[in-house]
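Q: the sequence isn't on hand, but the structure is:
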């Protein structure tokens, strides 16, 4: 094992690579009914949350992931009023969604309440919007919640989950996507984190296939750096019930009144560009 | 120290992070007059070249770096006939440059011949164009070579160097850039690797300042993933003697007849998009 008391190390076994952050201390560790959560104080990345040995969020670089999982989808939907977040317990995604004045309600369904309670303690900046009157925080099974949702009751479903193993496995298959499709209104959009473009093409291809089988008309990948995740390069899939190609509310994004650190209207367009090998490997419609 | 016989580990000390690749064996190590070069056989990244403890090139992911250091600049210059490469001893940059039929001559000036000889042995795919009749490989001091170059004798200077410490330090200052400016013709372009957008904003800011002081009219950064480099996210600066904003030979790139794995005409445009924090931190003209 590659380890040392001064470092947190995550090994990407299948990729033969590892990423490590130097730590001052492990601040917390607990076994919940769902997973093991640890919190570290790193020397240069601020606080770090780790679930089942995988880095989830660091103070330093979470802005990229949270902004890219939210703003491209919110500026793509013509009128995103009713949003739900599956997972997302650190509440960084919720915070970004609530920056959009068009949003009337956001329901966050996180299976493990301890993720949110620890985020409140160690990542207070991510949970600062939790008391917004438009936000509802539920701690239950997102798969079940989506299955029970009224047809057409949502404009946007954001799946901000861990990797497709363990508790999140059921968030990456056709049955779940069919329930999402049903819960979404006419212009509905689903956006989901989709792992590393370099390491996980098989997972991404499987997601495209399942989303198409579930009747989503159009899927596009978006790409962004995420230094603490395996390969340092990450992606999300934006799936739409209607085919509008890359149509989005560009003028609204360009006039965006809330602060961002990674996203802007030019990044929006750039982020949807697949590298050549990816375009060749993934069949898009 | 974070180490283990089954892993090569590079620690980014100032960033408090580390990246590691699992290895089958260390194949070679030598101390040259300039630096220490090691070659590893990794389990999933193919061969890995390490110089003074820093990852330089892996079989698996070098295509991103080499394509992005070359094709955007070559498709930006209106007629790139005379090219020089400073550094670039693994010859991957040279190979990409030679894919462009407009190129009439490429001189590569690498200070350490052993880098090229080891690349021939362990990265034969990168050196496959070394015998192209348009290519000249010199093993000498690139700083001196540029200083002695005839004024206006080059269309494109590519600086494919190690980090701005040790032998490469002199490739990141105003005096060197002034000599590049003089060696370039009217539409001349300089492109240089410029470290991590997340970790090295100070270096990048310094490069912009020095390039402007050396009279380059216009500087733009381009961004791309590079999993084996610190933060997994890398950049290059493209500096032009004339201000043409983002003008480039888009039709030629779109009709590109040679194979690429990362670059394409859409990526070209996308790669020049600065994230919000970068745009705010770096003053561009």
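A: Thanks, I have it. As the structure is a prediction and not an experimental result, all values here were calculated from the model.
Q: with adjacent residues omitted, what lies nearest to the closest residue to chain B within the stretch 51-200 of chain A?
A: Residue nearest to chain B within the stretch 51-200 of chain A (CB to the nearest CB): residue A:198, separated by 6.0 Å. (Glycine included, C-beta is placed from N, CA and C.) Distances taken as CB to CB, 6 or more residues apart in numbering or on different chains place residue A:231 nearest to residue A:198, at 4.7 Å, with adjacent residues excluded.
Q: count of neighbours near the one you found?
A: 25 (other CB atoms under 10 Å in any protein chain shown).
Q: same check on residue A:29?
A: Around residue A:29 there are 11 residues (other CB under 10 Å).
Q: so how far is the host helix or strand of it off the chain centroid?
A: According to DSSP states H and E, residue A:29 maps onto strand A:17-31. Its chain's C-alpha centre and that of strand A:17-31 lie 21 Å apart, by CA atoms, centre = their mean, to the nearest Å.
Q: elements contacting the very next helix or strand once past that strand?
A: Once the chain leaves strand A:17-31, the next helix or strand it forms, by DSSP H and E, is strand A:36-42. Here strand A:36-42 touches strand A:17-31, strand A:47-51, helix A:113-122, going by 3 or more CB pairs under 8 Å, 6 or more residues apart in numbering or on different chains; DSSP states H and E.
Q: now with 10 Å, please.
A: Helices and strands touching strand A:36-42, by 3 or more CB pairs under 10 Å, 6 or more residues apart in numbering or on different chains; DSSP states H and E, are strand A:7-12, strand A:17-31, strand A:47-51, strand A:54-58, helix A:113-122.
Q: for those, which one sits closest to residue B:7?
A: Within these, the stretch nearest residue B:7 is strand A:17-31; the backing value is 6.8 Å (CB to CB).
Q: anything in that closest one near chain B?
A: Yes. Applying CB under 10 Å from any CB of the partner chain, one finds that strand A:17-31 is in contact with chain B at A:17, A:18, A:19, A:20, A:21, A:22, A:23, A:24.
Q: widest-spaced pair of those residues?
A: A:17 and A:24 (24.5 Å).
Q: these two: which has the busier surroundings?
A: Neighbour comparison, residue A:17 and residue A:24: the larger count goes to residue A:17, with 28 against 11 (by other CB under 10 Å).
Q: re the thing from before, okay if I get the helices and strands packed on strand A:36-42 as JSON lines plus mean pLDDT and distance to residue B:135?
A: Formatted as JSON lines, the helices and strands packed on strand A:36-42 follow (pLDDT from 0 to 100; distance: least, CB to CB, whole Å):
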{"stretch": "strand A:7-12", "mean pLDDT": "96", "distance to residue B:135": "37"}
{"stretch": "strand A:17-31", "mean pLDDT": "97", "distance to residue B:135": "33"}
{"stretch": "strand A:47-51", "mean pLDDT": "98", "distance to residue B:135": "47"}
{"stretch": "strand A:54-58", "mean pLDDT": "97", "distance to residue B:135": "43"}
{"stretch": "helix A:113-122", "mean pLDDT": "98", "distance to residue B:135": "55"}
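Q: all the strands of the stretch 151-285 of chain A, in order from the start?
A: A:154-160, A:184-193, A:218-225, A:233-240 (DSSP state E, counting those that start in this stretch).
Q: can you tell me which of these comes nearest to residue B:12?
A: Per CB to CB, nearest to residue B:12 of those: strand A:218-225, 14.7 Å.
Q: pLDDT on stretch A:203-215, on average?
A: Throughout stretch A:203-215, pLDDT has a mean value of 95.
Q: next one: that stretch to chain centre, how far?
A: 17 Å.
Q: how about TSV for the residues of strand A:17-31 next to chain B, with distance to residue A:158 added?
A: Shown next, in TSV, are the residues of strand A:17-31 next to chain B (distance: CB to CB, whole Å):
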residue	distance to residue A:158
A:17	28
A:18	29
A:19	25
A:20	29
A:21	26
A:22	32
A:23	30
A:24	33
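Q: what sits against the closest residue to residue A:227 other than its chain neighbours?
A: Excluding the flanking residues, the one nearest residue A:227 by CB to CB, 6+ apart is residue B:231, at 4.4 Å. Shown in contact with residue B:231 (CB atoms under 10 Å, 6 or more residues apart in numbering or on different chains): A:19, A:61, A:225-228, A:232, B:12, B:15, B:17, B:19, B:195-200, B:225.
Q: same thing with residue A:166?
A: A:34, A:35, A:51, A:52, A:54.
Q: circling back: can you tell which of the strands of the stretch 151-285 of chain A is closest to residue A:147?
A: Here strand A:154-160 is closest among the strands of the stretch 151-285 of chain A (CB to CB), at 12.4 Å.
Q: and that closest one with strand A:233-240, angle?
A: 160 degrees (axes from the mean of the first three to the mean of the last three CA atoms, to 10 degrees).
Q: contact distance from chain B - what residues of the stretch 51-200 of chain A qualify?
A: A:58, A:60, A:61, A:63, A:64, A:67, A:68, A:196, A:197, A:198, A:199.
Q: so which of those wins on neighbours?
A: Busiest of these [other CB under 10 Å] is residue A:68, holding 27 neighbours.
Q: sorry, back to before: same list, the contacts of residue A:166, but as CSV with neighbour count please.
A: CSV is the format used below for those (neighbours: other CB atoms under 10 Å in any protein chain shown):
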residue, neighbour count
A:34, 18
A:35, 19
A:51, 23
A:52, 15
A:54, 18
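Q: so what's the closest residue to chain B within chain A closest to, chain neighbours aside?
A: Nearest residue of chain A to chain B: residue A:232, at 1.5 Å (CB to the nearest CB). Of all residues not flanking residue A:232 in the chain, residue B:232 sits nearest, at 1.5 Å (CB to CB, 6+ apart).
Q: and the strands of the stretch 151-285 of chain A as a markdown table, adding mean neighbour count?
A: Below are these laid out as a markdown table (neighbours: other CB under 10 Å):
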| stretch | mean neighbour count |
| --- | --- |
| strand A:154-160 | 26 |
| strand A:184-193 | 22 |
| strand A:218-225 | 22 |
| strand A:233-240 | 25 |
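Q: confidence score at residue A:244?
A: In this model, residue A:244 carries a pLDDT of 79.
Q: domains in chain A, as residue ranges please.
A: The record's domain parsing of chain A by automatic domain parsing lists A:7-58, A:62-284.
Q: low-confidence stretches in the stretch 51-200 of chain A?
A: With pLDDT under 70 as the threshold, the stretch 51-200 of chain A has no low-confidence stretch at all.
Q: okay, helices next: where are they in it?
A: Assigned helices in the stretch 51-200 of chain A, in chain order: A:62-74, A:92-97, A:113-122, A:142-148, A:174-183 (criterion: DSSP state H, counting those that start in this stretch).
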